[in-house]
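Novice: Any chance you can model this:
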Amino acid sequence: MQRLSVETDVTVVGGGLAGVAAAIGAARTGARVALINNRPVLGGNASSEVRVWVCGATAHGAQKYARETGVMGELFRENQYRNPEGNPYLWDQVVLDAVRAEPGIRLHLNTDVREVEADGVVDDRTVRAVTGWQMGSERIIRFTSPVFIDATGDGLVGAQAGAWYRSGREAAHEFGEEWAPDQADSEMLGSTMFFYTKDTGEPVRFVPPSIAKDVAATSIVRNRPISTTANGCDYWWIEYGGQLDAAADNEAIRDELWAVVYGIWDHIKNSGEYDADTLTLEWVGSVPGKREYRRFVGDHVLTQRDIIEQTRFPDAVGFGGWSIDLHPAGGMYAEGDGSKHLFSAGLYHIPFRSLYSRNVGNLLLAGRDISASHVAFGTTRVMATCAVTGEAAGVAAGLCVRDGLTPRQLGNDHIDRLQQELLRHDASLLGVEWHHPADLAPAARATASSELRTLRAEPRPGERTSRQSLDGHDVGLVIPVEPAIESVDLLLDASEATPLELELWSTGGGENHIPVELLDRASVRLVPGEQWVRAPFAHQAPRGRNVVLLLRRNPCAALVVVDRPGPYGVLGLVSRTPRTVSERPQSNAWSAEELRRRCPVMVVRGDSGAHSADQVTGPLQRPYDGPRMWSSESLGEDPEPWIRLDWTEPRTLGCVDVVFNDDVDLDLINLHHHRTPFPVVPELVRDYGIEVLVDGDWHTVVSVRDNRERRRSHPLEAPVAATAVRLNVGATNGSEWATVVALRVFEAKEN
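Specialist: Residues are numbered from 1 along each chain as shown. Okay, the predicted model is just below:
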């Protein structure tokens, strides 16, 4: 048996997506990182051992412009390209390759941390080391570093270090939470185990193992959907253990889940109620997918009010958008629904104060153990959001080590430093403004070969159109306004003469893309047949804002639609009954699915600056009160688009960063809850070059083909004194417009 010591700058315990993102985020600050995982594969609940869909802020499309960027965005995009079938084993390799690509990370798989060394008084403790047993290699490894990140999910490190934590449900009066119980209790969300099936094409019998449960004798058959076509995460409701201790009772929880999985399959195969003769089990999980256990106490406890009111924290370091999704502690045996959901009007923000321990000075938190109430945890627990908190914690850890700070000192006195570093990494921040002092781009004049100044979508000669009926549904059109619109023309089709009610709504905030506040209303008279109708709404927003043009339901009317994307930032909405009864506006009350990548025929009157060249040097780098990007005219009109930055005096350039548009409204998922029909997001620029202007001559310094990434950083081989930089777009991955979110230029000394 060997005893080893590993000394790094940052120790991350837990190799789920939160830990992976934390390790990568820390490594990209220059920190030396130890990433410790007690399983043979990375990914935690997302791995091939458990196989949970990686859900996040998009909420399966209920939220708009919500997909994560940063590390999680990189994983989504790479998986889309390499793993179109959603193979869980290939997903494992996507995650593993992302970690192995970072030279600063030392990965320790199969290493179970069992001991934590910490000292200090109760309210001021410090973690000194953690020690783990590496199975197979028979090594005991002691890890030391100035900063530790608990990404274990269950909060093992923090608990052993003496960090304050909560478990169970808080009483409603503690945080003023409507969805909390009247009295505090120990109930939690349970654990789940999945199975996969396949059709062999010939009869297959099933002899149930001794552990199989007679599910027909339980409430499961009566209350839960069992289907021959369901697989994997379709069975999210196979849940148990919410009334037990998720750690102490883990073995009993696993056995009960196994019993029910095999019992369900026995019921499908042998009850005679299903056409399942040729079906067989392909895979059954053996590791329970845990939802909830310890939640640590930070300097801020995220609550239901923060989620629903979309609190804008000064120390925001990430966002989420999944509903508050709570399950009964009885899980699959509960008589009621398996879950209940509450959405806000859009995305919510996560503060840095929820990502470190209040009483352990060098302990950061990542994933489902962050500082949140049980109710707020109902949304922060999903894995893409866990990865967002992981990246923020990892970058923070790297800065703490580099600058000799504690997490609290970083958050209280240098939060801007952390936010700017996260933005440079293109992490998932919303509404936080970029103003990095080393970026030369804001001081330059931005111009382009063309700018999309008129927002329009009209049929091309001979192009077939379709219809979006207003029968039974209101239909909305999200329109970016910057600086103003004069009116909107729409092409409608009416079966008979009828009045049509039109309304203009505000979204209530840059985070939202649904109607929240009524601004104006009008009525128009339709005649039979196709006709252009003018919505007589003028609106001003010099700094940019989204509005929603709403057409009220009418059984005699339909919008004429082109079956291709419109200008970026214009989005169609179709009303649907909210899944929960609430007077609050909820994003899931409006579906964008019917009109995603399709656009109502329309012309927005007024010269638009929403896609002007200077957007690439602006402070926002994802949709917020508008698309926040430059767009060329269509490539048919501008076949060789470019955008450039000019300075009045030469600047010594050392690095050029480009953030491309990867359509964050597109919902991607690791195991393909749904299929997306292209391997690379069409809006991404595929081929491009970067030139610098030196003494009146252009010199190519970067040439890229087959790009499929959103953020590209290009350190120059040698410093260049130039008066201009030009990005030339050779081709996109399918979009008819060239779009660029940000162009950042750094002096050589800032590389």
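
Novice: per-residue confidence for residue 676?
Specialist: Note for residue 676: predicted pLDDT of 87.

Novice: let me redo that: residue 397
Specialist: Residue 397 is given a pLDDT of 98.

Novice: ditto for the one 4 residues further on
Specialist: According to the per-residue confidence, residue 401 scores 98 in pLDDT.

Novice: Report the mean per-residue pLDDT for stretch 375-388.
Specialist: On average, stretch 375-388 scores 98.

Novice: Just give the number of residues close to residue 251.
Specialist: 9 (other CB atoms under 10 Å). Every residue, glycine included, has its C-beta placed from N, CA and C.

Novice: repeat for residue 139
Specialist: Other residues lying near residue 139 total 16 when counted by other CB under 10 Å.

Novice: can you pull the contacts of the closest residue to it other than its chain neighbours?
Specialist: Nearest residue to residue 139 in three dimensions, chain neighbours excluded: residue 2, at 4.6 Å (CB to CB, 6 or more residues apart in numbering). Contacts for residue 2 were tallied using CB atoms under 8 Å, 6 or more residues apart in numbering; they are 137, 138, 139, 140.

Novice: can you check residue 84 too?
Specialist: 672, 675, 679.

Novice: State the helix or strand in which it lies.
Specialist: Taking DSSP states H and E as the definition, residue 84 sits outside all helices and strands.

Novice: got a pLDDT number for it?
Specialist: So residue 84 comes in at 92 (pLDDT).

Novice: on that earlier part again, show me which of the contacts of residue 84 are buried.
Specialist: Among the contacts of residue 84, those buried by neighbour count (16 or more other CB atoms under 10 Å) are residue 672.

Novice: Just name the closest of the contacts of residue 84 to residue 686, please.
Specialist: residue 679 (11.9 Å; CB to CB).

Novice: Surely the closest one is in contact with residue 81?
Specialist: Yes - contact criterion CB atoms under 8 Å: residue 679 and residue 81 qualify, at 4.8 Å.

Novice: For the strand or helix carrying residue 447, which strands pair with it and how are they oriented?
Specialist: In the assignment (DSSP H and E), residue 447 maps to strand 445-448. Strand pairing for strand 445-448, determined by DSSP bridges: strand 642-660 (antiparallel).

Novice: ok, back up a step: who's in contact with the strand holding residue 447?
Specialist: Looking at what lies outside strand 445-448 - CB under 8 Å, 6+ apart - the contacts are 613-614, 616-617, 630, 632, 641-647, 743.

Novice: and the residue nearest to residue 694 when sequence neighbours are not counted, what element?
Specialist: Distance criterion CB to CB, 6+ apart; nearest residue to residue 694, sequence neighbours excluded, is residue 722 at 5.2 Å. Residue 722 is part of strand 711-732 when elements are defined by DSSP H and E.

Novice: now do residue 18
Specialist: Using DSSP H and E, residue 18 sits in helix 17-27.

Novice: Tell me the strands beside the very next helix or strand once past that helix, with direction?
Specialist: Of the helices and strands lying after helix 17-27 in sequence (DSSP H and E), the nearest is strand 33-36. Sheet neighbours of strand 33-36, with direction, are listed as strand 10-13 (parallel), strand 105-108 (parallel) (DSSP bridges).

Novice: just the ones you listed: most buried one?
Specialist: Mean neighbour count, computed with mean count of other CB atoms under 10 Å, is highest for strand 10-13 among those, reaching a mean of 31.

Novice: In CSV, list the C-alpha atoms belonging to that strand.
Specialist: This file holds the C-alpha atoms of strand 10-13, laid out as CSV (Å, rounded to 0.1, in the frame of the first residue of the first chain):
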residue,chain,number,x,y,z
VAL,A,10,-7.2,24.2,-5.5
THR,A,11,-8.7,20.8,-4.4
VAL,A,12,-12.0,19.9,-5.9
VAL,A,13,-13.8,17.0,-4.3
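
Novice: mind checking how far it is from the chain centre?
Specialist: From the chain centre to the centre of strand 10-13 is a distance of 23 Å (CA atoms, centre = their mean, to the nearest Å).

Novice: Same check on stretch 224-231?
Specialist: The answer for stretch 224-231 is 27 Å, by CA atoms, centre = their mean.

Novice: picking up where we left off before, alpha carbons of the strand holding residue 722, in PDB - could you do that?
Specialist: Taking Å, rounded to 0.1, in the frame of the first residue of the first chain, the C-alpha atoms of strand 711-732 are listed here in PDB:
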ATOM      1  CA  ARG A 711     -15.700  31.600 -27.700                       C
ATOM      2  CA  ARG A 712     -12.400  31.600 -29.400                       C
ATOM      3  CA  SER A 713      -9.300  33.200 -27.900                       C
ATOM      4  CA  HIS A 714      -6.400  34.000 -30.200                       C
ATOM      5  CA  PRO A 715      -3.100  35.000 -28.500                       C
ATOM      6  CA  LEU A 716      -0.900  36.400 -31.300                       C
ATOM      7  CA  GLU A 717       2.500  34.800 -32.000                       C
ATOM      8  CA  ALA A 718       4.200  38.200 -31.400                       C
ATOM      9  CA  PRO A 719       2.900  41.600 -30.300                       C
ATOM     10  CA  VAL A 720       1.600  43.800 -33.200                       C
ATOM     11  CA  ALA A 721       1.400  47.600 -33.300                       C
ATOM     12  CA  ALA A 722      -1.800  48.100 -35.300                       C
ATOM     13  CA  THR A 723      -4.500  50.800 -35.800                       C
ATOM     14  CA  ALA A 724      -7.300  48.400 -36.700                       C
ATOM     15  CA  VAL A 725      -8.500  44.800 -36.400                       C
ATOM     16  CA  ARG A 726     -10.800  43.200 -38.900                       C
ATOM     17  CA  LEU A 727     -12.800  40.000 -38.500                       C
ATOM     18  CA  ASN A 728     -13.600  38.500 -42.000                       C
ATOM     19  CA  VAL A 729     -16.400  35.900 -42.100                       C
ATOM     20  CA  GLY A 730     -16.000  33.300 -44.800                       C
ATOM     21  CA  ALA A 731     -19.000  31.100 -44.000                       C
ATOM     22  CA  THR A 732     -21.500  30.200 -41.300                       C
END
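
Novice: Now it: buried residues?
Specialist: 711-713, 716, 720, 722-732.

Novice: before we move on, what about stretch 464-479?
Specialist: Neighbour-count burial for stretch 464-479, with 16+ other CB under 10 Å as criterion, is recorded at 465, 468, 469, 470, 473, 474, 475, 476, 477, 478, 479.

Novice: Now render those residues as CSV, adding pLDDT and secondary structure.
Specialist: Listed next are the buried residues of stretch 464-479 as CSV, based on pLDDT from 0 to 100; DSSP: H, G, I helix; E, B strand; the rest coil:
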residue, pLDDT, secondary structure
465, 97, coil
468, 97, strand
469, 97, strand
470, 97, coil
473, 93, coil
474, 96, coil
475, 97, strand
476, 97, strand
477, 98, strand
478, 98, strand
479, 98, strand
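
Novice: ok, so of the residues you listed, who is nearest residue 248?
Specialist: residue 478 (49.3 Å).
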